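**Student:** sharing a model that was predicted from the sequence below.
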Amino acid sequence: MAAQADAAEGSRLVVVTNREPYLHRATKAGHTVLRRTPGGVVTALDPVLRLRGGTWIAWGSGERDWEEAPSGQLGIPPRDPEYVLQRIRLSPEEVEGYYVEYANRGLWPLCHLAVERVRFYRHAWTAYRRVNRRFVEAILNGSRPEDTVWSHDYHLALVPGLLRDRRPTQRIAHFWHIPWPPATLLRLCPNRLDILTGLLGADVLGFQTEDDCRRFTDCVRQFLDIPADDATGIVQYQGREVRVESFPISIDTSLVEAAAEAPSAARLARAIRRRLERNHRILGVAVDRLDYSKGILPRLEALDLFFQRHPHRRDQVMLLQVVAPSRGSVPDYARLKGEVERAAAQVNRRWGVEGGWQPVVTLLQPLDLRRLAALYRAADFFVVSSLVDGMNLVAKEFVAAQVDGRGVLLLSELAGAMAELDQAFPINPLDPEGFADTLEMAIRVPPDERRARIATMRAHLQLHTVQEWAENVLAAVE
Ligand code: G6P
């Protein structure tokens with residue numbers, strides 16, 4: 001921390017993300033409000049920027065952003081600014097090419113091993129490059145060479161390289177939040193060399209897990225034919241050393257604990273439990289963005305098989321599936337809503353009672369932490385069955401909220417969180433019978449063992465928070 005404080009004196013921090021930390025929105029009554037956006041990066045870096053000052057550069061995507069701050073610049077917080085939010089205005093064509101087409105129909109499915117969904121269009125690549133350049137122009141205008149720049153994720157892979165070309169001595173970190181694909185898949189990306197060299201413009205390149213780091217260095221060796229040492233994570237590139245390292249992102253553990261302990265969450269959880277216990281029911285909860293990578297459809301298939309293989313559980317086990325709508329402008333996402341609704345209806349038709357008991361309840365809306373915390377507390381089991389997932393912070397939230405130590409966690413072996421949450425029950429989302437049997441086993445776990453498993457994982461999350469994550473990345477680059 002001392003080194004960080006020294007560095008902070010002369011150098012400010014510039015955070016660069018696709019999503020902005022605060023957006024201007026219209027309320028139902030037509031008023032404009034400034035809302036903080038949810039998510040790990042904002043939770044971690046908004047306080048850091050407030051403390052040391054600096055700039056946050058992001059796409060101004062709020063419906064009222066440009067009416068409220070036509071210049072794109074805004075002090076945060078507006079009344080007594082501690083840092084600058086610099087919004088970038090993108091045209092509808094730029095949003096389509098850069099965000100919808102290249103980032104979310106190209107890189108996202110590629111990195112999540114959804115090969116058949118991947119499309120790389122030339123016009124999308126042109127837009128992606130142009131928008132990445134616009135971000136770099138904003139960095140150059142809003143920072144000095146001695147500042148630290150921390151860019152994020154698959155939307156901005158070219159930013160470190162483009163910035164390095166203009167400012168050879170700038171300290172640059174880039175964090176890749178999603179899985180890094182194996183070389184056999186990266187080969188499908190026509191722009192792989194630009195993506196790899198773009199990222200190697202950073203001094204520190206962070207990934208979620210050791211496996212991601214190894215897959216990245218493997219790609220560097222195969223496609224760029226330059227030395228990359230797996231033991232040290234050092235890549236020698238253009239006379240510089242790039243440090244490739246894993247920094248598993250986490251949650252604001254005490255915030256989640258406090259939400260779970262709040263009297264309103266405790267009351268709501270108790271009310272849900274009373275109703276369940278009256279009917280001898282077992283409650284499973286799942287919370288996801290509406291995204292094919294989260295494995296919601298395979299989860300419903302496994303639940304169907306579970307009732308087939310364990311018929312005595314009919315009328316006992318129920319799943320509350322919370323789904324937050326996401327990326328509706330991407331065709332595969334727009335279709336998914338109907339697919340999830342149909343799959344849930346099918347399970348309910350087969351195993352439910354007409355006009356009465358339904359094993360799957362789908363809630364298609366985002367819930368705030370207060371309500372989620374109550375659900376986490378009320379749950380007997382929680383399911384994360386991602387097909388592939390960079391980390392999965394919802395799994396960590398569930399664990400942190402287990403102040404009663406009641407719940408068990410079923411966690412996909414292909415989620416980054418599995419490397420840390422080793423007391424979870426591992427599931428393979430594509431092995432429905434194994435998944436169904438693990439569910440039956442997890443339900444039977446006695447209370448003492450449940451508490452012990454949760455206690456180990458909670459202790460880990462109390463030590464490894466999102467604040468610690470941000471400190472570690474900044475300490476590595478500064
Ligand atoms: C993932 C990505 C983030 C992204 C989030 C929500 O977690 O790693 O960069 O912000 O999904 O997706 P959206 O497209 O709505 O920003």
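**Tutor:** All right, it came through fine.

**Student:** which of the helices or strands spans the residue in the chain positioned nearest to the ligand?
**Tutor:** Ranked by CB to the nearest ligand atom, the top residue of the chain for proximity to the ligand is residue 177, at 3.7 Å. From N, CA and C alone the C-beta is placed, and that goes for glycine too. Under the criterion DSSP states H and E, no helix or strand holds residue 177.

**Student:** could you do residue 24 as well?
**Tutor:** strand 22-26.

**Student:** run the chain-centre distance for stretch 165-182.
**Tutor:** 18 Å (CA atoms, centre = their mean, to the nearest Å).

**Student:** verify the contact between the residue of the chain closest to the ligand and residue 390 for me.
**Tutor:** Yes: contact criterion CB atoms under 8 Å: residue 177 and residue 390 qualify, at 5.2 Å.

**Student:** show me what contacts the residue of the chain closest to the ligand?
**Tutor:** 41, 152, 153, 154, 208, 249, 390, 391 (CB atoms under 8 Å, 6 or more residues apart in numbering).

**Student:** do the same with residue 192
**Tutor:** 186, 219, 223.

**Student:** now pLDDT, neighbour count and secondary structure too, for those residues, in CSV please.
**Tutor:** Formatted as CSV, these follow (pLDDT from 0 to 100; neighbours: other CB atoms under 10 Å; DSSP: H, G, I helix; E, B strand; the rest coil):
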residue, pLDDT, neighbour count, secondary structure
186, 98, 20, helix
219, 98, 23, helix
223, 98, 17, helix
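
**Student:** distance to the ligand added to those, as a markdown table?
**Tutor:** Below are the contacts of residue 192 laid out as a markdown table (distance: CB to the nearest ligand atom, whole Å):
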| residue | distance to the ligand |
| --- | --- |
| 186 | 18 |
| 219 | 19 |
| 223 | 23 |
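
**Student:** doesn't residue 360 make contact with residue 347?
**Tutor:** Yes: at 5.0 Å, residue 347 counts as touching residue 360 under the criterion of CB under 8 Å.

**Student:** on that earlier part again, what subset of the contacts of residue 177 is buried?
**Tutor:** 41, 152, 153, 154, 208, 249, 390, 391 (16 or more other CB atoms under 10 Å).

**Student:** re the thing from before, is any residue of whichever helix or strand comes after the strand holding residue 24 near the ligand?
**Tutor:** Using DSSP H and E, the helix or strand that follows strand 22-26 in sequence is strand 32-36. No: using CB under 6 Å from any ligand atom, strand 32-36 stays clear of the ligand, coming no nearer than 13.8 Å.

**Student:** elements contacting the helix or strand just after strand 32-36?
**Tutor:** Toward the C-terminus, strand 32-36 is succeeded by helix 40-52 as the next helix or strand (DSSP H and E). Helices and strands touching helix 40-52, by 3 or more CB pairs under 8 Å, 6 or more residues apart in numbering; DSSP states H and E, are strand 13-16, strand 54-59, strand 73-76, helix 466-477.

**Student:** any part of the second one near the ligand?
**Tutor:** Read that as strand 54-59. No: against the ligand, strand 54-59 shows no contacts by CB under 6 Å from any ligand atom, the least distance being 9.4 Å.

**Student:** for the residue of the chain closest to the ligand, give me phi and psi.
**Tutor:** phi -80, psi -20 (degrees, to the nearest 10).

**Student:** coming back round to it: give me the common contacts of residue 177 and residue 390.
**Tutor:** Between them, residue 177 and residue 390 share the contacting residues residue 208, judged by CB under 8 Å, 6+ apart.

**Student:** helix or strand: which one has residue 410?
**Tutor:** Assigned by DSSP H and E, residue 410 falls in strand 408-412.

**Student:** quick one: contacts of that strand?
**Tutor:** So strand 408-412 is contacted by 295, 380-387, 389, 392, 395, 398-399, 417-418, 421, 423-429, 435, 438-439, 442-443, 445, 450, 453, 457 (CB under 8 Å, 6+ apart).

**Student:** what subset of those is buried?
**Tutor:** Judged by 16+ other CB under 10 Å, buried ones among these: 295, 380-387, 389, 392, 395, 398-399, 417-418, 421, 423-429, 435, 438-439, 442-443, 450, 453, 457.

**Student:** inside helices: which ones of these?
**Tutor:** 395, 398, 399, 435, 438, 439, 442, 443, 450, 453, 457 (DSSP state H).

**Student:** assumed residue 460 was part of a strand.
**Tutor:** No: per DSSP: H, G, I helix; E, B strand; the rest coil, residue 460 lies outside any strand segment and is helix.
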